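> With the sequence up front, the predicted model follows.
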Amino acid sequence: MRYPTLRTQNLIDNFFNDSMFSNFSYGSDIDIYREDDNYVIEVDLPGFDKEDIEIEFKKDVLTLRASFNESVEDTTDKNYVYRSRTTRNFFKQIRFEEVDGNDIDASYENGVLRVKLPVKVKEETVKRIEVR
């Protein structure tokens, strides 16, 4: 048996370097529904702070982005073999063709992001066409 210690170390390294542990995207429950003259989006984002969340609306596309990186300053003199911290990322884009982008409202409470998008009021214009 050749270098059993190295083989064990390689197994440990492979386990912790597996893509399962590297910067995965955080999946969240999303509900979209119509309430009066608004679309409402509710996204479960537990553990994030309000400052971790970015919302943009451009060219009929709503972009929701959240990122959290846990950092802990170590003041001990421990000789760590492995140390891990939580990293979560969330990204979602949703197209809305009939939304008034100037009056979008968002709130974040108890781990739930709520975005309210007012539906554009369609003005029916009647145009008389002259017959020649």
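Okay, I see it.

> Provide the partner residues of the residue positioned nearest the centre of the chain in its beta bridges.
What sits nearest the mean C-alpha location of the chain, by CA atoms, centre = their mean, is residue 90, with 2.6 Å. With DSSP bridges applied, residue 90 shows beta-bridge pairing to residue 66.

> Look at it and report its pLDDT.
As predicted, residue 90 sits at a pLDDT of 91.

> Looks like it contacts residue 66 (just checking).
Yes - at 4.2 Å, residue 90 counts as touching residue 66 under the criterion of CB atoms under 8 Å. To be clear about C-beta, it is placed using only N, CA and C from the backbone, and glycine gets the same treatment.

> List the residues that contact the residue lying closest to residue 48 once chain neighbours are set aside.
What sits nearest to residue 48 in space, not counting adjacent residues and going by CB to CB, 6 or more residues apart in numbering, is residue 66, at 5.1 Å. Neighbouring residues of residue 66 by CB atoms under 8 Å, 6 or more residues apart in numbering: 26, 45, 48, 52-54, 88-90, 113.

> Which ChimeraX command selects the buried ones in the residues you listed?
In ChimeraX, the members of these classed as buried (16 or more other CB atoms under 10 Å) are selected with the following command:
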select :26,45,48,52,53,88,90,113
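
> now, which of the contacts of residue 66 lie within strands?
Among the contacts of residue 66, the residues falling in strands (DSSP state E) are 53-54, 88-90, 113.

> And those residues, which is closest to residue 40?
residue 113 (11.0 Å; CB to CB).

> which residues touch that closest one?
Neighbouring residues of residue 113 by CB under 8 Å, 6+ apart: 41-43, 45, 53, 64, 66, 106-107.

> and it, how far is that from residue 50?
9 Å (CB to CB, to the nearest Å).

> Poorly predicted segments of the chain, please.
1-27, 75 (pLDDT under 70).

> Show me the helices in it, by range?
4-17 (DSSP state H).

> then stretch 104-112 to PDB, C-alphas only?
C-alpha atoms of stretch 104-112 as PDB (Å, rounded to 0.1, in the frame of the first residue of the first chain):
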ATOM      1  CA  ILE A 104     -42.300  50.000  -7.900                       C
ATOM      2  CA  ASP A 105     -42.200  49.500  -4.200                       C
ATOM      3  CA  ALA A 106     -40.200  46.900  -2.200                       C
ATOM      4  CA  SER A 107     -40.100  45.900   1.500                       C
ATOM      5  CA  TYR A 108     -38.200  43.200   3.400                       C
ATOM      6  CA  GLU A 109     -39.600  41.800   6.600                       C
ATOM      7  CA  ASN A 110     -39.000  38.600   8.500                       C
ATOM      8  CA  GLY A 111     -36.900  37.100   5.700                       C
ATOM      9  CA  VAL A 112     -39.500  37.800   3.000                       C
END
